[in-house]
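A.B. asks: Got a predicted structure plus its sequence, pasted below:
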Amino acid sequence: MFELGPHAGWRFWLGIVLTGIGTGASAAALTLILQAVQHFVWPGTGATLLDAADQATSLRHILVLLGAGLATGAGQLILVRLTAGNSIDITEAIWFSAGRLPALRTLGSAVLSVVVVGMGASLGREGAPKQAGAVIANALSDKAHFSDEQRRLLVACGAGAGMAAAYGVPLGGALFALEVLRGMLALRLVLPALLTSVVATATSWLALPNSPTYVLSRFDESAANLALAVLIGPIAGLVSVVFVRVIALADRYRPKHRRRLVAPILVLGLLGLASIPFPQLLGNGKDIAQLAFADQMPIALLLVLLLLKPVATVLCLGSGVPGGLFTPSLALGALLGAVFGHAFSWLWPEMQPALAAVVGAGAVLAATTQGPISAVVLIMELTGQDRSFIAPLLLAVVIATLVSRMIEPRSIYDARLTDEQIEQRQRLREPPGR
């Protein structure tokens, strides 16, 4: 075991700071690329992808998504030819390769991800800055000759800082790095994670706005809110188990060889057709979550999107499209919560569908990532709120996480791991001699 206090050495702490600066700059650059691509292929007067897609012609929907499929297929064929001794999956690299990642292939996948997500692929944009942060941390570990345990921690911190910088969530990003990616919330690891995330976030704010991702109104406090959390929590846990297992199945059967070119064209072309009547299916799900948080969708549309949005995400992932699962999971939870909020508000008028959407988002996010603490903090930072929903959110998060863990110990980030790898990871959670 190594120490991370004052005796850890100036090189390690310098590596933390440099990782934060590099990750923040990379996250800002990748976000600007995504925005530029989105505004180019989806021109319109609206400020969001949903607004622009709603104004676009049916032909544009089909052509843009076919273009995204072609870009994905061609990009994957190129990337797979790059020499790569290790996986580009961050979780797998941290646990089984001490954080070692193939730089060119990982960065290429990150850029491809923001391009196709900007074009409308139904996956998250956080995967790209996480990959960039992990690559920067790995490169600095090579230069400084860090130990495997130091490298493993620095790569996790870099990946968490990528999320922190992309969404402006320094505390949530640090907790995500430790709880979800590193798999342990040890006190000796907290300071490196916090410093990396705050440096990355501050760096990204030089180019990106410092404002909450989602806008909420304040909610009334009532017993109905706690009752709502008790109702949503178990359902959110069960839905999360199904989502994780379907994600694992889709990942296992990703196309290989020449099918890498054909599969994404077919799937994204189908998404383009489906997005003509339902433009909400495009993108990572941020717009859907915002509408659910503001209670601006009718129950019929909520039900349709609750089915179609996760299907679109799974199909995109299974066809080989690179991207994240953070916002799609949050959007799934928001839709689930909003549906239950509307349903129970007919029986109990004090229940607020918008609050139910926030509680559902946090519960599904916690259960799918197996990170309840980071999920709560992330919801608070993403919304800029603190107390108006904290009690029902905490209650739903605890229940959903307990239910999901009793059935499925994997998260969306380690769904591809085998049972043997899960057991090996458990042994690696603490370094030898702990």
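C.D. replies: Received the coordinates, thanks.
A.B. asks: Would you agree R218 falls within a strand?
C.D. replies: No. Judged by DSSP: H, G, I helix; E, B strand; the rest coil, R218 forms no part of a strand; its state is coil.
A.B. asks: Report pLDDT for it.
C.D. replies: pLDDT for R218: 80.
A.B. asks: ok, now how distant is the closest residue to it other than its chain neighbours from L325?
C.D. replies: Nearest residue to R218 in three dimensions, chain neighbours excluded: S388, at 4.6 Å (Cβ to Cβ, 6 or more residues apart in numbering). No exception for glycine: its C-beta is placed from N, CA and C like everyone else's. Separation of S388 from L325 (Cβ to Cβ, to the nearest Å) stands at 28 Å.
A.B. asks: Of the two, which one has the most company?
C.D. replies: More crowded of S388 and L325, by other Cβ atoms under 10 Å: L325, with 25 against 18.
A.B. asks: A224 versus the spatially most central residue of the chain, what's the distance?
C.D. replies: Centroid-nearest residue in the chain: F326, 2.0 Å away (criterion: Cα atoms, centre = their mean). Plainly put, F326 is 29 Å away from A224 if you go by Cβ to Cβ.
A.B. asks: circling back: the residue nearest to R218: what's it in contact with?
C.D. replies: Applying Cβ atoms under 8 Å, 6 or more residues apart in numbering to S388 gives the contacts 216, 218-219, 221.
A.B. asks: quick check, it in a helix?
C.D. replies: No. Counting by three-state DSSP, S388 is not found in a helix; it is coil.
A.B. asks: quick one, phi psi at it?
C.D. replies: Per-residue torsions, S388: phi -70, psi -20 (degrees, to the nearest 10).
A.B. asks: wait, R11 sits on K143?
C.D. replies: No. With contact defined as Cβ atoms under 8 Å, R11 does not count as touching K143 (9.3 Å).
A.B. asks: which of those two has more neighbours?
C.D. replies: Neighbour count, other Cβ under 10 Å: between R11 and K143, R11 has more, with 14 against 10.
A.B. asks: ok, and what's touching stretch 14-34?
C.D. replies: Residues external to stretch 14-34 that are found in contact with it (Cβ under 8 Å, 6+ apart): 110-111, 114-115, 117-118, 125, 128-129, 132-133, 136-137, 140-141, 144, 146, 154, 157-158, 161-162, 165-166, 192, 195-204, 206-208.
A.B. asks: repeat that with 6 Å
C.D. replies: Stretch 14-34 is touched from outside by 114, 118, 125, 128-129, 132-133, 136-137, 140, 144, 154, 158, 161-162, 165-166, 192, 195-196, 199-200, 203-204, 207-208, with contacts defined as Cβ atoms under 6 Å, 6 or more residues apart in numbering.
A.B. asks: give me the low-pLDDT residue ranges for the stretch 151-300 of the chain?
C.D. replies: Under the criterion of pLDDT under 70, none of the stretch 151-300 of the chain is flagged as low confidence.
A.B. asks: now swap in the stretch 301-434 of the chain and tell me
C.D. replies: Within the stretch 301-434 of the chain, the stretches falling below the threshold (pLDDT under 70) are 386, 418-419, 421-434.
A.B. asks: At which residues are the helices of it located?
C.D. replies: Remark: helices assigned in the stretch 301-434 of the chain by DSSP state H, counting those that start in this stretch are 326-345, 353-369, 372-383, 390-407, 419-428.
A.B. asks: Please name every helix or strand in contact with the fourth one.
C.D. replies: Okay, so that is helix 390-407. Packing partners of helix 390-407 (3 or more Cβ pairs under 6 Å, 6 or more residues apart in numbering; DSSP states H and E): helix 223-252, helix 353-369, helix 372-383.
A.B. asks: Can you give me the neighbour number for A164?
C.D. replies: Residues within reach of A164, counting by other Cβ under 10 Å, total 39.
A.B. asks: From S204, how far off is it?
C.D. replies: As judged by Cβ to Cβ, A164 and S204 stand 8 Å apart.
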